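In: Curious how this folds, go ahead:
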Amino acid sequence: MNDLERLRNELNDAINALTQTAMRLKSSAREAVEKRSDYEERKNGYLIQLAAEDAESGTKRTVALQQAMYRQLYKNERRAYLLAEADLDSDKDLFRGIQAKLNALQTVSRLTESEVKLGVNFQ
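Out: Model prediction:
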């Protein structure tokens, strides 16, 4: 019965970890979206400003130059959104890993239940 108690504890731990990770996943997703939106809003405002300057001066900056300019100007915001997206991806991977662990524990639980019912040891 000690194995059953250990298994029950492991199942409960995995369920709790899955729940905590799901809550963190939700906040990670929200943060990633907010940070990306902040960056895009600033970047697009700057591109509009550059277009107005180009129209006024009669010149045309290349897309590569525009990109370099706004990336340099908003490098901290860009870094923040990229890090937030990486955190989100990491939380997704962790969630899937805990799900896989929970599935494995459930399989072990079913095998243990069968052992008890049949009086055999599958190990």
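
In: From here on, just use CA atoms for contacts and neighbour counts.
Out: Noted.

In: Next up, phi/psi of residue 3, please.
Out: Per-residue torsions, residue 3: phi -60, psi -40 (degrees, to the nearest 10).

In: what do you get for residue 62?
Out: phi -70, psi 160.

In: in this structure, which spans are helices?
Out: For the chain, the helices defined by DSSP state H occupy 2-57, 63-73, 75-118.

In: by contact count, what packs against the first one?
Out: For helix 2-57, the elements it packs on are helix 63-73, helix 75-118, judged by 3 or more CA pairs under 8 Å, 6 or more residues apart in numbering; DSSP states H and E.

In: Out of those helices, flag the one nearest residue 10.
Out: Nearest of these to residue 10, taken as CA to CA: helix 75-118 at 7.6 Å.

In: If you count contacts, what does the closest one end up packed against?
Out: Here helix 75-118 touches helix 2-57, going by 3+ CA pairs under 8 Å, 6+ apart.

In: show me what contacts the residue nearest the centre of the chain?
Out: Nearest to the mean C-alpha position of the chain, counting by CA atoms, centre = their mean, stands residue 88 at 1.7 Å. Each residue near residue 88 by CA atoms under 8 Å, 6 or more residues apart in numbering is listed here: 25, 28, 29, 32.
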